[in-house]
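Visitor: Requesting a structural model of the entry that follows:
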Amino acid sequence: MNDTERFLIIAPSWIGDSIIFQSLLISIKDKYKGSTIDVIAKPELIELLKLMPQINQIYPLDIDHGILGLAKRINLAKILSSKNYTQSVILPNSFKSAIIPWLSKIPIRIGYNKELRFLLINKSYKFIKYEDKMVDRYLKLIGEKYSEKLRPQLNIEQDTKEVYKKKYLLNNSKKNIFLCPEAEYGTAKRWPNNNWVELASAYESHNYNIYFLGKDMKLNDKYKEVLQKKSVVSLIGKTNIKDASYLLALADLIISNDSGLMHIAASVNSNLISIFGSSSPFYTPPLMKENLGEVIYKGLECSPCFKRECPLIHLNCLNSISVDEILKKSMKYLN
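Guide: Residues are numbered from 1 along each chain as shown. Below you'll find the model as predicted:
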């Protein structure tokens, strides 16, 4: 393939999707030897994307969801129009996400034919929601399909890991377990809080170090009782996305809802148990290294519903996953 190919990628907006799209970056680098990849992304994702060595340059675009922000798009397009990009891959499905590649006059503009984007995209694909895994939906845009060699893998440096170990006072005399109880999408993806408390208490009684990780500081009140235990620590609200990535790379085991942190965990080669409720492990599975973890998903008749809140109120897809089940499955990764 032509080694002068220059790609501009419009990145996804969510942390998990941004991890998944690294497979596309790896595939481009493999298919187009010597190619250059630049990325437009939300500012809050930049530190995560810097851990992806396939990316040459990142351009932040700070526009709130649902806002057109045409002036900002025009200004960035003026800068990018001189970069001689040969192809652009537009991963979000909105009309506005395709504006900059069009204004920049990039010859090949690839994406799914959503929101009348045929006006802006000249190589389009029919969009059928949930037909493919998310990773294959991205890779389809360059004619590829997922395989192990395309597995997302953040560039975690050993020396920097040691820095984070000291910064957060991780104690390696005992196994370190990280619990990720959040899922920004909604409550139908969140294993109940009382289960997380019970799980942390059980691990503590087995003489492990337990760290809660996330950003919703209101959870600290809900976990107040278990946080009184010496070996249970909350880092909720105390880390940025780069810190979280390195901390997960230092974990002996991670338990996580289907969330951005789950996908980060899968990309740093740590043991991972993923809990799925309203979402589907067939659509957005953690793309983890083989034998480093497993998914717990009940596959009830009503799931996956992909709803933010349980439409049937009972939340059986998550309530049917017991603390004891998680404990039993996790022991093989801790012994």
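
Visitor: tell me the SS of the most centrally placed residue in the chain?
Guide: The residue lying closest to the centre of the chain (CA atoms, centre = their mean) is residue 16, at 1.8 Å. Secondary structure, DSSP: H, G, I helix; E, B strand; the rest coil: residue 16 is helix.

Visitor: who's in contact with the closest residue to it other than its chain neighbours?
Guide: Spatial nearest neighbour of residue 16, chain neighbours left out: residue 263 (4.0 Å); criterion: CB to CB, 6 or more residues apart in numbering. Quick note: C-beta positions are derived from backbone N, CA and C, even for glycine. By CB atoms under 8 Å, 6 or more residues apart in numbering, residue 263 lies in contact with 15, 16, 19, 20, 152, 284, 286, 287.

Visitor: What residues of the helix or strand hosting residue 263 count as buried?
Guide: Using DSSP states H and E, residue 263 sits within helix 260-266. Buried residues in helix 260-266, counting neighbours by 16 or more other CB atoms under 10 Å, are found at 260, 261, 262, 263, 264, 265, 266.

Visitor: ok, now stretch 167-181?
Guide: Buried positions in stretch 167-181, judged by neighbour count with 16+ other CB under 10 Å: 168, 170, 175, 176, 177, 178, 179, 180, 181.

Visitor: go on, stretch 188-200?
Guide: So, applying 16+ other CB under 10 Å, buried residues of stretch 188-200: 188, 189, 190, 191, 195, 196, 197, 198, 199, 200.

Visitor: do the same with stretch 215-234
Guide: In stretch 215-234, counting by 16+ other CB under 10 Å, buried: 215, 219, 223, 226, 227, 231, 232, 233, 234.

Visitor: doesn't residue 220 make contact with the last one?
Guide: What it means is residue 234. Yes - at 5.3 Å, residue 234 counts as touching residue 220 under the criterion of CB atoms under 8 Å.

Visitor: Overlap in contacts, the two.
Guide: Residues touching both residue 234 and residue 220 (CB under 8 Å, 6+ apart): residue 227.

Visitor: ok, residue 87 - contacts?
Guide: Counted by CB under 8 Å, 6+ apart, residue 87 has contacts 5, 6, 7, 8, 106, 107, 108, 109, 110.
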